[in-house]
Each structure stands twice: as C-alpha cells, then as structure tokens.
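1. No letters, just coordinates:
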C-alpha cells in the first residue's frame, strides 16, 4: 500500500449532507451491533443457496443438540411460521457442515479436471459471442471501422489534390474521427 504522504488528494463535492452521512453511519453501526443475522463465522455457501421448492434463500441457524453440542443448519426462509401468511415451504433444514463438505468435495473434483473447465469456458465464450449485446458491439465497431476508412480516404484524396499539407494530413491521421467531427461542428 502506498504511504499516505505519497497520496494525491483531490477535493470532491459531497453527494449527501454531513448530517445524513452521520445518520447512515450510526444506523450501520447499530445494525452491526444488534442484528440477529450478524454472521460471526462466514460459511462456504453463505448467501449462495436457495430452496428448490419455494425459491426463498437459505440462512444459517444454530441449533443446540440434546447432548449439549450445537450444530449450524441452513434453513429455508419460507419455512418460517412467523410469516404473515404462515409457512410457504416445508423443506427440512440441512446441516451446514454436511452440505459444505459435499459442495467442497464437488469443487475439488471439478478443479482436478482441467479439460472440463476448458469445455465450460469455451461454451460460455461461445454463448457470449452469440448474445445480442456482443452482436450489437461487433456491428458498432464495424461501422466505426468503415467511418475511419472513409475518413482516411478523404484525407488522402485532399492531400493528392493539394488541399491539405503533409503536416495537416499527419495531424488529422493522429486525431480520432469522432474528435475531428466534433472539431468541425464547433
């Protein structure tokens, strides 16, 4: 990290008032202190899994066992009897250590097969190339290329007819066509 004495500081206008910023900072600190959802120990699948039956997110829930120990479960948020309309899902909780171990084992198997990873990357790249956004970007770039080629042809023709000097030709050749268009309009 660069030492603070080497930083270049610039003044940036505030997006919110100082009072609103202080209120938000206080709320954030209160949420950190009092939130029942506060995760002290991150887990492998935290925030990544959803219920197949109802689509609600899974959350971590500790549970004491009869023998005095405790386990952490992933529970479906739709399986909450405190909901306004009652439970929407009757999916059972899953022990976190069992599910995390199973997923981690699957990840290790996938990583140990580079050909499978390469195949998936190729599939995703091909899917991206065929996407409408990539097609639109490609056509936009082709139009830009045609515009640049015609601008170069016009410059060369102007030079051949001695309408511009060699220095002007070189200067225009270095300037992107959009900038030249803006300069002409101004």
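-> Now that the structure is in, tell me what you want to look at. In this text the structure is predicted, and so the values were computed from the model without any measurement.
2. make it CA atoms for all contacts and neighbour counts henceforth
-> Will do.
3. so where do the strands sit in this protein?
-> Remark: strands assigned in the chain by DSSP state E are 58-64, 70-76, 94-95.
4. Quick test: name the residue nearest the centre of this structure.
-> residue 48 (14.5 Å; CA atoms, centre = their mean).
5. Got phi/psi on that one?
-> Main-chain dihedrals, residue 48, degrees, to the nearest 10: phi -110, psi -10.
6. For it, give its distance to residue 169.
-> Distance, residue 48 to residue 169, by CA to CA, to the nearest Å: 58 Å.
7. Can you give me the distance of residue 110 to residue 126?
-> Taking CA to CA as the measure, residue 110 falls 21 Å from residue 126.
8. Give the buried residues for stretch 137-157.
-> 148, 151, 152, 155, 156 (16 or more other CA atoms under 10 Å).
9. Next up, the contacts around the last one.
-> Think residue 156. Applying CA atoms under 8 Å, 6 or more residues apart in numbering to residue 156 gives the contacts residue 169.
10. residue contacts, the residue nearest to residue 166 when sequence neighbours are not counted?
-> Leaving aside its chain neighbours, residue 166 sits nearest to residue 159 (7.1 Å; criterion: CA to CA, 6 or more residues apart in numbering). By CA under 8 Å, 6+ apart, residue 159 lies in contact with 165, 166, 169.
11. Serialize the residues you listed to a markdown table and add fields for pLDDT, distance to residue 7 and neighbour count.
-> Below are the contacts of residue 159 laid out as a markdown table (pLDDT from 0 to 100; distance: CA to CA, whole Å; neighbours: other CA atoms under 10 Å):
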| residue | pLDDT | distance to residue 7 | neighbour count |
| --- | --- | --- | --- |
| 165 | 86 | 46 | 13 |
| 166 | 85 | 44 | 13 |
| 169 | 80 | 42 | 16 |
